[in-house]
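**Student:** Sequence and computational prediction follow.
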Amino acid sequence: MSWLTDMGAWFAKTSAAILALFGLGGAPADPGFQGYVEGEFLLLAAPVAGSLDRLHVRRGDWIEAGAPLFTLDTTLARAQLDQAEAALAQAQATLDDLTKGRRPDEIEVLTAQRAQAEAALRLSETQLRRQHALLETQATSRERVDEAQAAVLRDRARLSELTAALRVGRLPARDDAIRAAEAAVMAADASFAQARRRLVELAPLAPEAAWVNDTLFNPGEWVPANTSIVSLLPPGRIKLRFFVPETRLAQIKRGQRLHVACDSCPAQAAALVTFIAPRAEYTPPVIYSIGSREKLVFMVEVRPDGDTAHLHPGLPVTVRP
């Protein structure tokens, strides 16, 4: 009877092995969710049309942040920048002139004229006193006294005029004129900044380290305004996208860490759930009913941890909780 017992044990082990081989024995393994790699590409363009002067990168290159990408023809932009810079300098000079008053040489002329007027007034006052003294002795006429008095009044008025002119010469322009000049400087400065920014936009730099996914124009070609010239794929903008059946949606939560498997993925690859679509999609077109719930799927996006060099857009992946 022992051989019957051994035969039964062998049959049980063989049956268990066959069932395990075809996945028929015990709890079935979780097949996970099928998905693919997707990239959020950076499309770099210029805001104005122009001829592509130089292309500094090639498709497949790895570039660091701040690396030059391309350069459009900058002849017109540089001329506009020079013009804006000259206009700014002119506006600033006008403002400086209005706030300084008259030139030093002109102030010296007014000062000298005032000194002459003071000397003339002293002389006329002396002559007036002399004429009064002569009038008391009847050595002069009343008419000569009146002439001396008029000369004093004339010289006093001349001195007052030059004193006021000297004071005004030291003053800046009127407040309204200065405010207008300040506004002109601000407008010229804005135009200069715009021209300088336009020159930078014609030769942009990489905003972050990335792979050059594609170049869409060759040097010498005419590029329309706002047309992409270089396409970049930064490592931080690579994501995985997969679809979860409605019946298993409760297993996935935002912020959850999932396991990722693919042909080139490391053994411990993981990703973080960043987005769960709020609306369901159908796999094939079906009529919505309770019986078709298993065909309802929700799109889920995850961000991979660590190095993403092995993850290329379009690569199929399997994601498991």
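**Tutor:** Sure thing, it's come through. Residues are numbered from 1 along each chain as shown.
**Student:** Can you show me the strands along the stretch 201-321 of the chain?
**Tutor:** 210-215, 222-223, 228-233, 238-245, 257-261, 270-276, 281-282, 296-304, 316-320 (DSSP state E, counting those that start in this stretch).
**Student:** And those strands, which one averages the lowest pLDDT?
**Tutor:** Looking at these, the lowest mean pLDDT belongs to strand 281-282 (a mean of 70).
**Student:** separation between the most centrally placed residue in the chain and Leu44?
**Tutor:** What sits nearest the mean C-alpha location of the chain, by CA atoms, centre = their mean, is Arg197, with 9.3 Å. Arg197 sits 16 Å away from Leu44, going by CB to CB, to the nearest Å. Yep, even glycine has a C-beta here, placed from its N, CA and C like the rest.
**Student:** got it, and Pro313?
**Tutor:** Relative to Leu44, and taking CB to CB, Pro313 is found at 18 Å.
**Student:** Looking at these two, which is more packed in?
**Tutor:** A direct count of neighbours by other CB atoms under 10 Å for Pro313 and Leu44 places Leu44 higher, at 18 against 14.
**Student:** What is the host helix or strand of the more buried one packed up against?
**Tutor:** Using DSSP states H and E, Leu44 sits in strand 42-45. Packing partners of strand 42-45 (3 or more CB pairs under 8 Å, 6 or more residues apart in numbering; DSSP states H and E): strand 228-233.
**Student:** Mind giving me the packing neighbours of the strand it packs on?
**Tutor:** Applying 3+ CB pairs under 8 Å, 6+ apart, we find strand 228-233 packed against strand 42-45, strand 50-55, strand 210-215.
**Student:** now the ones you listed as JSON lines including distance to Phe192?
**Tutor:** Below are these laid out as JSON lines (distance: least, CB to CB, whole Å):
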{"stretch": "strand 42-45", "distance to Phe192": "24"}
{"stretch": "strand 50-55", "distance to Phe192": "21"}
{"stretch": "strand 210-215", "distance to Phe192": "32"}
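**Student:** right, so these: which one is the most enclosed?
**Tutor:** With neighbours defined as mean count of other CB atoms under 10 Å, the helices and strands packed on strand 228-233 peak in mean count at strand 210-215, which reaches a mean of 20.
**Student:** Report the angle between that one and strand 50-55.
**Tutor:** Relative orientation of strand 210-215 versus strand 50-55 (axes from the mean of the first three to the mean of the last three CA atoms, to 10 degrees): 130 degrees.
**Student:** Centre of the chain to strand 210-215, how far?
**Tutor:** 22 Å (CA atoms, centre = their mean, to the nearest Å).
**Student:** and if you look at stretch 113-132?
**Tutor:** Worked out by CA atoms, centre = their mean, stretch 113-132 lies 71 Å from the chain centre.
**Student:** One more: stretch 259-271?
**Tutor:** For stretch 259-271 - counting by CA atoms, centre = their mean - the centre lies 37 Å from the chain centre.
**Student:** And that stretch, end to end?
**Tutor:** 6 Å (CA to CA, to the nearest Å).
**Student:** cool, stretch 54-66 as well?
**Tutor:** Stretch 54-66 has an end-to-end distance of 16 Å (criterion: CA to CA).
**Student:** In that stretch, which residues are buried?
**Tutor:** For stretch 54-66, a neighbour-count test (16 or more other CB atoms under 10 Å) marks 55-57, 63 as buried.
**Student:** List the contacts of it.
**Tutor:** Under the contact criterion CB atoms under 8 Å, 6 or more residues apart in numbering, stretch 54-66 has outside partners 67-71, 205-215, 217-219, 229-230, 232.
**Student:** Now restrict these to buried residues only.
**Tutor:** Looks like the contacts of stretch 54-66 have 69-71, 206, 210-213, 215, 217, 229-230, 232 buried, using 16+ other CB under 10 Å.
**Student:** any idea how far the top helix by length along the chain is from the chain center?
**Tutor:** In the chain, taking DSSP state H as the definition, the longest helix is helix 104-136. In this view, helix 104-136 has its centroid 67 Å away from the chain centroid, taken as CA atoms, centre = their mean.
**Student:** Who are the packing partners of that helix?
**Tutor:** When contacts are defined as 3+ CB pairs under 8 Å, 6+ apart, helix 104-136 packs onto helix 142-169.
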